[in-house]
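Asks: compute the structure for the input listed below.
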Amino acid sequence: MKVWFEGEVIDRAYPNDRYLRIVEREYSLHWVDEYSQEHSVVVPVNFVTDLASVPRPLWNIIPPWDNYIKDAAVCHDRMYETNEVDRATADSLLYYGMLVRGASHVGAYAVWTGVRLFGQSSYETGEKRQQERIKKLQHLGGK
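Replies: I've put the predicted structure just below:
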């Protein structure tokens with residue numbers, strides 16, 4: 001699958017919440033499918049994300065804030081929120097997006113395996129999870 005980004009995640013964190021981030025500049029992920037059709041997902045300004053949901057014991061191996069995972073993970077959050085693509089496509093784009101940003105095949109495969117095994121409920125509740133992030137951000141004094 002051919003995958004590329006336009007731009008990169010420019011985000012800021014909040015002092016009282018290490019994981020909650022807000023996107024400050026629009027960027028996008030593009031891909032060409034098996035029928036040679038080009039598609040894209042746009043991550044808008046003010047999109048709220050928690051980056052990648054990597055279990056803490058794995059942070060030394062797969063740090064969720066590193067650029068090789070962050071750009072793809074925020075797009076993945078967006079696709080899970082909007083359901084604009086099916087879950088398998090969103091998960092594949094996470095994998096290929098990580099590779100494009102320089103992740104090892106082993107690291108990208110580990111993240112892909114995690115979302116395939118444990119991501120179904122997040123996909124099904126994506127919009128609700130985004131609303132919860134926005135409420136949390138408002139509680140912390142954000143936008």
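Asks: measure the residue sitting furthest away from the middle of the chain to N46 for me?
Replies: In the chain, counting by C-alpha atoms, centre = their mean, Y35 sits farthest out from the average C-alpha position, at 24.7 Å. Distance from Y35 to N46, counting by C-beta to C-beta, to the nearest Å: 33 Å. Every residue, glycine included, has its C-beta placed from N, CA and C.
Asks: my guess is L51 contacts Y19, does it?
Replies: Yes. If you go by C-beta atoms under 8 Å, L51 and Y19 touch, sitting 6.5 Å apart.
Asks: okay, the two: which has more neighbours?
Replies: L51 (22 against 15; other C-beta atoms under 10 Å).
Asks: by residue count, tell me the biggest helix in this protein.
Replies: helix 67-82 (DSSP state H).
Asks: tell me which residues of it are tucked away?
Replies: Under the neighbour-count criterion of 16 or more other C-beta atoms under 10 Å, helix 67-82 has 68-81 buried.
Asks: JSON lines for these, including pLDDT and distance to R25?
Replies: Output for these, formatted as JSON lines (pLDDT from 0 to 100; distance: C-beta to C-beta, whole Å):
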{"residue": "Y68", "pLDDT": "85", "distance to R25": "19"}
{"residue": "I69", "pLDDT": "89", "distance to R25": "18"}
{"residue": "K70", "pLDDT": "90", "distance to R25": "13"}
{"residue": "D71", "pLDDT": "92", "distance to R25": "12"}
{"residue": "A72", "pLDDT": "95", "distance to R25": "16"}
{"residue": "A73", "pLDDT": "93", "distance to R25": "16"}
{"residue": "V74", "pLDDT": "93", "distance to R25": "11"}
{"residue": "C75", "pLDDT": "95", "distance to R25": "14"}
{"residue": "H76", "pLDDT": "94", "distance to R25": "18"}
{"residue": "D77", "pLDDT": "92", "distance to R25": "16"}
{"residue": "R78", "pLDDT": "94", "distance to R25": "14"}
{"residue": "M79", "pLDDT": "95", "distance to R25": "19"}
{"residue": "Y80", "pLDDT": "94", "distance to R25": "21"}
{"residue": "E81", "pLDDT": "91", "distance to R25": "18"}
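Asks: fine by me, we can end here.
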